[in-house]
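Trainee: model this:
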Amino acid sequence: MSKRFYLGIYVGSLAIAVASFVAALIVGIVVEHMTAAGTVSPSIKSSFLYQGISVLLGLGLLQFGIVMTIYPFVLLAKMWGSIQDVVTTVTPGKAIGFLFIPFFNLYWIFKAWGGFAEEYNGFAARHRLNVPPVSSGVYITYAIFVLLGGILILPIIAVPFILIPLIAKTCDAVTNIRIAASARA
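Mentor: Below is the predicted model of the structure:
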């Protein structure tokens, strides 16, 4: 699992969203200032330029929303898929599918994300793989912030930034387990 590839897509998407937001904000401020100063007619707000900026902002945020929706599921599938054996209790399908069960998902988010480190370390021990252990800190933090994001605004703002170390840690873990498993075979 290429850390550079996965982080590149995610950080690029985040950068596009931030840039489109900042550009729209600047254009909005400039147009408001120029309208208030009388240098531009108020009809500019309904012009194609202003509407075009609004569309670009919407598309920039939409693409990031799509990435933020799909990326966690891709990570879950890669994480759990890398440690499948007869003992591992969570499959990639379960990890993703059970998140769609109302109320149960409040428990399951901690099993799917926070439980990965324990299962990973157990898999490595069972198969005597020489890989560094994974701690559950960033995984549990992600689960907590996603849940709190349904109630509060601040966690929603923090989740995109928590995903960066989560992606890096997951890529390292999946790569380490694959390299160690192929070396043993």
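
Trainee: Is it correct that Glu119 is in contact with Gln84?
Mentor: No: contact between Glu119 and Gln84 fails when scored by CB atoms under 8 Å: they sit 9.9 Å apart. Bear in mind the C-beta positions are built from the backbone N, C-alpha and C, glycine included.

Trainee: okay, these two: which has more neighbours?
Mentor: Legend: neighbour count by other CB atoms under 10 Å for Glu119 and Gln84, higher for Glu119 (19 against 13).

Trainee: And that one, how far from Ala15?
Mentor: To Ala15, Glu119 is 33 Å away according to CB to CB, to the nearest Å.

Trainee: contacting residues around Leu148?
Mentor: Counting by CB atoms under 8 Å, 6 or more residues apart in numbering, Leu148 touches Leu154, Pro155.

Trainee: any idea how far it is from Ala158?
Mentor: Distance from Leu148 to Ala158, counting by CB to CB: 9 Å.

Trainee: any idea how far Lys94 is from Gln63?
Mentor: Using CB to CB, Gln63 is found at 29 Å from Lys94.

Trainee: ditto for Val138
Mentor: 21 Å.

Trainee: And for Ile167?
Mentor: 21 Å.

Trainee: more neighbours, those two?
Mentor: Ile167 (22 against 15).

Trainee: my guess is the more buried one meets Ile9, correct?
Mentor: No: Ile167 lies out of contact with Ile9 (CB under 8 Å); the separation is 9.3 Å.

Trainee: intersection of neighbour lists for those two?
Mentor: Taking CB under 8 Å, 6+ apart as the criterion, Ile167 and Ile9 both touch Tyr71.

Trainee: Mind checking the pLDDT average for the host helix or strand of Tyr50?
Mentor: Assigned by DSSP states H and E, Tyr50 belongs to helix 48-81. What helix 48-81 shows for mean pLDDT is 88.

Trainee: for it, the distance to its chain's centre please.
Mentor: Averaging C-alpha positions (CA atoms, centre = their mean, to the nearest Å) puts helix 48-81 10 Å from its chain's average.
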